Structures are given as structure tokens and as C-alpha cells.
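Participant: Okay, predicted coordinates and the sequence, questions at the end:
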Amino acid sequence: METAADLCSQTFEKALMSIDKYEDRGFPFSSWLYRIAANEVNMHYRKQQKELHQELNEEILAGLMHEFDISLEKEEQILLLLSTLSILDQKEQELIEARFFDALSFKEMGGLFGLSEEAAKMRTYRALKSLREKMKGASDE
């Protein structure tokens, strides 16, 4: 809990120190804050040499499972989805996590990743396509 409070504090401190650099590019202000927060979290875990593992539960996975037409009863497919997700490149993982786990809109994602709304949408769908292909390859083996 202390770590979360520290990261939150550092995020807002950096935001306040950089507010003069903020440019309105049509994205919500919160996207700019999300980007700062994401950078703070990444820096923290790099320093600690730990991997950030978000505990996945049924509620978080629901959107992604729906996208891949997987029901809760198909435990084998859920495990395949999770293991395949972990072998995607980092950018693809970040896009899928932002869309399905953090429930961000494409506009918010665009602001977070420094992309237009359409570019965020296109890259997310490409990441999903890559995930599908890798899942199909893994299940064929």
C-alpha cells in the first residue's frame, strides 16, 4: 500500500513540475497523467528488478475472453490465452492490457501511448490478430 501511495505522489509531483510542458492535443488530460504514472511504475519495477504481474481474475479477463469467444468452462483455452499473451512483444501486451484490463477507450489509449485514436485502434487490432495467430500456432502443436 505504501508503494502505491509513493508512486501516486511521485506521479503528481512530476505532473506538477512538468505542467508547463503539457500540450493539449485533443486527448483527455487524464491520458497525460496515465502516461506519467505508467512511466513511474515501470521505473519503480526496473529499479527493484521485479516483474509487474497483475493478478488476473475472471472479471478482468472477461472482455478478452469475450473477444476470443472463450467461456469460463474452457480452462485449457484460458491458460492458452494467458500463456500466449505473455509471449507477445511488450508493446502488444501493453495495448491489450490497456484496452481489456484497464478498460481504456481508444482515445485514452492514444493519449497514453502518444498516438492518434485511430492509430491506437489499429495497433490494438493488430495485436489481437497477432495473439490469435500465436494461439492458433500453439494449439496446432
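Facilitator: Looks like it came in fine.
Participant: For stretch 31-50, buried residues please.
Facilitator: Using 16 or more other CB atoms under 10 Å as the burial criterion, the residues of stretch 31-50 that qualify are S31, W32, L33, Y34, R35, I36, A37, A38, E40, V41. Yep, even glycine has a C-beta here, placed from its N, CA and C like the rest.
Participant: if you average pLDDT over it, what comes out?
Facilitator: Taken as a whole, stretch 31-50 carries a mean pLDDT of 73.
Participant: In CSV, could you pull the C-alpha coordinates for it?
Facilitator: Listed in CSV are the C-alpha atoms of stretch 31-50, where the atom choice follows Å, rounded to 0.1, in the frame of the first residue of the first chain:
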residue,chain,number,x,y,z
SER,A,31,-4.2,10.4,-20.6
TRP,A,32,-1.2,12.6,-19.9
LEU,A,33,-1.3,11.6,-16.2
TYR,A,34,-1.7,7.9,-17.1
ARG,A,35,1.4,8.1,-19.2
ILE,A,36,3.4,9.7,-16.3
ALA,A,37,2.0,7.1,-13.9
ALA,A,38,2.9,4.3,-16.3
ASN,A,39,6.4,5.6,-16.6
GLU,A,40,6.7,5.9,-12.8
VAL,A,41,5.5,2.3,-12.3
ASN,A,42,7.9,1.0,-14.9
MET,A,43,10.9,2.9,-13.4
HIS,A,44,10.0,1.6,-9.9
TYR,A,45,9.9,-2.0,-11.0
ARG,A,46,13.1,-1.7,-13.1
LYS,A,47,14.9,-0.4,-10.1
GLN,A,48,13.6,-3.2,-7.9
GLN,A,49,14.3,-5.7,-10.8
LYS,A,50,10.9,-7.2,-10.4
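Participant: what residues does it touch?
Facilitator: Stretch 31-50 is contacted from outside by 3, 7-8, 10-11, 14-15, 18, 22, 51-52, 104, 107-108, 110-114, using CB atoms under 8 Å, 6 or more residues apart in numbering.
Participant: Give me the buried subset of the residues you listed.
Facilitator: With burial judged by 16+ other CB under 10 Å, the buried subset of the contacts of stretch 31-50 is L7, Q10, T11, A15, L104, K107, E108, G110, G111, L112, F113.
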